[in-house]
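K.L.:
how would this look folded up:
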Amino acid sequence: MEFDKELDARGLNCPLPILRTKKALSEMTSGQVLRVVATDPGSVRDFEAFSRQTGNTLLESSNADKDFIFLLRRK
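P.N.:
Numbers count the residues shown, from 1 in each chain. Purely as a prediction, here's the structure:
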């Protein structure tokens, strides 16, 4: 899937991936897609909750090797 911006949050632990995601999304326009790559296993649960609470759509959540990949659409 295509995305407009990518955020590398590898090596960061909760809550930093979410905080950096929030900042990146605030710099984007409505409808744009942010791709986040994280290594914290807790980020799967965190991004699901973040999406529900903020209204930004979690389009995809997957993992490759030790990376967790999230695609979020800015509300």
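K.L.:
okay, which residue is most central for this structure?
P.N.:
When CA atoms, centre = their mean is applied to the chain, the residue found nearest the centroid is Val36 (4.2 Å).
K.L.:
quick one, what contacts it?
P.N.:
For Val36, the contacting residues are 6-7, 9, 17, 21, 24, 47, 69-72, by CB atoms under 8 Å, 6 or more residues apart in numbering. Just so you know, the C-beta spots here come from the backbone N, C-alpha and C atoms, and that holds for glycine as well.
K.L.:
What about this protein, which residue is the most distant from its middle?
P.N.:
Note on the chain: the largest C-alpha distance from the chain mean falls to Asp65, namely 17.3 Å (CA atoms, centre = their mean).
K.L.:
Strands of this structure, residue ranges please.
P.N.:
Along the chain, the stretches classed as strands by DSSP state E are 5-9, 33-38, 57-64, 67-73.
K.L.:
how about these, which one is nearest Ser51?
P.N.:
Proximity to Ser51 (CB to CB) singles out strand 57-64 among the strands of the chain, at 3.8 Å.
K.L.:
Mind listing residues that contact that closest one?
P.N.:
1, 33, 44, 47-48, 50-51, 68-73, 75.
K.L.:
re earlier: what's the spacing between the residue farthest from the centre of the chain and Arg73?
P.N.:
Counting by CB to CB, to the nearest Å, the separation of Asp65 from Arg73 is 25 Å.
K.L.:
same deal with Leu34?
P.N.:
From Leu34 to Arg73 the distance is 8 Å (CB to CB).
K.L.:
buried subset of the contacts of Val36?
P.N.:
Buried members of the contacts of Val36, scored by 16 or more other CB atoms under 10 Å, are 7, 9, 17, 21, 24, 47, 70-72.
K.L.:
if we can go back for a sec, in CSV: the strands of the chain, plus mean pLDDT.
P.N.:
Shown next, in CSV, are these (pLDDT from 0 to 100):
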stretch, mean pLDDT
strand 5-9, 98
strand 33-38, 98
strand 57-64, 96
strand 67-73, 98
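K.L.:
For stretch 33-40, what is the distance to the chain centroid?
P.N.:
Centre-to-centre, stretch 33-40 and its host chain are 4 Å apart (CA atoms, centre = their mean, to the nearest Å).
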